[in-house]
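[1] For reference, the sequence and a predicted model appear below.
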Amino acid sequence: MTLPKLGTRGIDSYNRLGRELAAFNYVLRGARPAGAYSTQTMFTLNGLFNRANRLFRRHADLPHFYPVSLDTPLTPADLVVQVANLTAACLAFEERYAHLIEQGRAQALQALQRHGG
């Protein structure tokens with residue numbers, strides 16, 4: 001399978017998405033917040049969706065994420081489902097671009113060194 005080229009801006013964007021998504025996952029698993037979420041949380045989630053949609057747009061099999069409404073309360077269950085879907089899509093994206101993760105970067109560097117690069 002031929003992959004679209006992922007340049008340094010794309011890698012930086014993916015890394016930023018990964019850090020912000022990790023923060024959401026940490027809070028959901030560690031703090032287990034209850035009640036409806038604020039507009040700021042929904043705004044931040046929509047930002048993650050926008051970034052993911054830009055990164056995934058050339059991959060027809062990866063999901064497209066629709067923004068959550070800022071006018072409708074977001075329940076903890078809704079947020080967990082949204083974050084889980086985004087996490088799964090990011091993991092699929094990482095499998096395609098192995099150089100995005102530490103192990104993949106190490107393997108790519110070793111391959112370059114073996115081939116005199």
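    Looks like it came in fine.
[2] Give me the below-cutoff pLDDT ranges for the protein.
    1-4, 99-117 (pLDDT under 70).
[3] biggest helix in it by residues?
    Once the chain is assigned using DSSP state H, the helix that runs over the most residues is helix 76-96.
[4] Pull out the buried positions in that one.
    Asp78, Leu79, Gln82, Val83, Leu86, Ala89, Cys90, Phe93 (16 or more other C-beta atoms under 10 Å). C-beta here means a position set from N, CA and C on the backbone, and glycine is covered the same way.
[5] Let me have these in a markdown table, adding distance to Pro63 as columns.
    Shown next, in a markdown table, are the buried residues of helix 76-96 (distance: C-beta to C-beta, whole Å):
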| residue | distance to Pro63 |
| --- | --- |
| Asp78 | 16 |
| Leu79 | 16 |
| Gln82 | 11 |
| Val83 | 13 |
| Leu86 | 8 |
| Ala89 | 5 |
| Cys90 | 11 |
| Phe93 | 11 |
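[6] Pick the one among the residues you listed closest to Asn46.
    Nearest to Asn46 out of those is Gln82 (C-beta to C-beta; 10.1 Å).
[7] Thank you, goodbye.
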